[in-house]
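Enquirer: with the sequence up front, the predicted model follows.
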Amino acid sequence: MLKWVEIDLKTLAGNVRAIKKALHPGTALMAVVKADAYGHGAARVSKTAIANGADCLGVLTAEEGAALRAELPRAKIHLLAPSLPEEAAIIARERLFPAVDSLELVRALDRAAKEPVRYTIDIDQGLGRWGVKPEEAAGFLKKALKFRKAVPAWLSAHLAYRPAQNMTEAEEKLSGFSALAGELRALAPGLKAHAANSSILSDFPHWQLDMVRAGNLMYGIYPTDVYRKKRQGPPLPGLGRPWQFYARIISVRNVKKGEALGYCAEFTAPRAMRVATIPAGYSDGLTMEPTEDQIRIAAGFRYWGVINGRRAYFTGRAGIAHTLLDVTDIPEAKPGTAVALHVRRTAANAKIPRVYK
């Protein structure tokens, strides 16, 4: 195999258990597996998450939910974005838990349902992408309660929170959302609420409410360092990253000082070098940004792969399906050597094989 993504399910399982342990008694854990579980593979991640304490799963669309339902017939699957009314039949058939922000969707769900469909009313807390305005929520709920087979069960919000920049605003909005949930329970007793994603859980652990949505933390990514700065440690100690992208070297050649490399000869070797080629490029998710090895007024930033714990810097710009690496100081690098690469998980080509440990 020339390139692959290695996913450590043991690490993922440990992350889920650590997050679950950090929750208040009675607070549910939603494992967010949208976008194919951030590139990790939704089915395998979902099964691991549920086996290690997750109470339900979160995806973005009805299409994602239906695909996951085929793999997990008994799982509780929530949709995090409102669907179109024409998707109501799929939602009802696949027993999905939709998010709504329009009476048209509620009406469509009511018509499609053979048995009650429980749904979430999403509240717009500043992102402006979808959701019912807080001041309109009571009126919306009163009208929604007229339908019999579409039943409101949850209230959700996603804050426009920037760690360390708008903490006071976030605290006020979380308090306001909690108060709104209390008011709406007078109309719909039993209505539960969730607003905490990974960032909110990390910086505002007192606002876990009835459920926490864990995405980044589950995949070993700390989305904020506010907690660390205040308390000299990560918000949840011991989380690991289960994802690693690898590509094997397919060629190594010696390059003379002054020799031009790459498309349009955009890189000039500043010294005698050993340059390795890997069969991975920006079509696989690597950066398209050029390295700055020639004229510059600052040190610049260079991307790299890792071979035996040492950095192999990109030489020139990554191509669509190949990248050159400087292995001058890594004498053991040869064809067949595996290189660990930094790739945004959701940008990684879905056709790259996922190998599960």
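Expert: Alright, I've got the coordinates. Everything quoted here is computed from the prediction, not taken from an experiment.
Enquirer: from here on, contacts and neighbour counts on C-alpha atoms
Expert: OK.
Enquirer: tell me which helix or strand in the protein has the weakest average pLDDT.
Expert: None of the helices or strands of the chain scores lower by mean pLDDT, DSSP states H and E than helix 226-231, at a mean of 56.
Enquirer: what about the helices in the stretch 51-200 of the chain?
Expert: 62-71, 88-93, 103-112, 137-144, 167-185, 198-203 (DSSP state H, counting those that start in this stretch).
Enquirer: which pLDDT value goes with Asp110?
Expert: Looking at Asp110, its pLDDT stands at 98.
Enquirer: again, but for Gly65
Expert: The score at Gly65 is 98. That number is its pLDDT.
Enquirer: switch to numbering from 2
Expert: Sure, I'll start counting at 2 from here, so that last one is Gly66.
Enquirer: ok, Gln125 - contacts?
Expert: No, residue 125 isn't Gln; it's Asp. 131-135, 158-159 (C-alpha atoms under 8 Å, 6 or more residues apart in numbering).
Enquirer: same thing with Arg119?
Expert: Taking C-alpha under 8 Å, 6+ apart, one finds 98-99, 151-154 in contact with Arg119.
Enquirer: out of those residues, who has the most neighbours?
Expert: Per-residue neighbour counts (other C-alpha atoms under 10 Å) across those peak at Pro99, which has 31 neighbours.
Enquirer: quick one: contacts for the residue nearest the centre of the chain?
Expert: With distances taken as C-alpha atoms, centre = their mean, the residue of the chain nearest its centroid is Tyr39 (4.4 Å). Contacts for Tyr39 were tallied using C-alpha under 8 Å, 6+ apart; they are 346-347.
Enquirer: so what's the residue nearest to Glu7 when sequence neighbours are not counted scoring on pLDDT?
Expert: Using C-alpha to C-alpha, 6 or more residues apart in numbering and skipping the chain neighbours, the partner closest in space to Glu7 is Val356 (4.8 Å). With respect to pLDDT, Val356 has a value of 97.
Enquirer: just confirm Val356 is within a helix.
Expert: No. Applying DSSP: H, G, I helix; E, B strand; the rest coil, one finds Val356 to be strand, outside a helix.
Enquirer: for it, list the residues it contacts.
Expert: By C-alpha under 8 Å, 6+ apart, the residues touching Val356 are 5-8.
Enquirer: and which of these is nearest Pro271?
Expert: Trp5 (31.9 Å; C-alpha to C-alpha).
Enquirer: can you give the contact residues for the strand or helix carrying the closest one?
Expert: Element membership for Trp5 (DSSP states H and E) is strand 4-8. Identification of contacts with strand 4-8 by C-alpha under 8 Å, 6+ apart yields 41, 243-249, 280-281, 353-358.
Enquirer: which strands and helices sit next to the next helix or strand after it?
Expert: From strand 4-8 onward toward the C-terminus, using DSSP H and E, the following helix or strand is helix 10-23. Judged by 3 or more C-alpha pairs under 8 Å, 6 or more residues apart in numbering; DSSP states H and E, helix 10-23 is in contact with helix 43-52.
Enquirer: got the angle between the helix it packs on and helix 63-72?
Expert: Between helix 43-52 and helix 63-72, the angle comes out at 70 degrees (axes from the mean of the first three to the mean of the last three C-alpha atoms, to 10 degrees).
Enquirer: list the contacts of helix 43-52.
Expert: Under C-alpha under 8 Å, 6+ apart, the answer for helix 43-52 is 10, 13-14, 17, 32, 34-38, 57-58, 69, 72-73.
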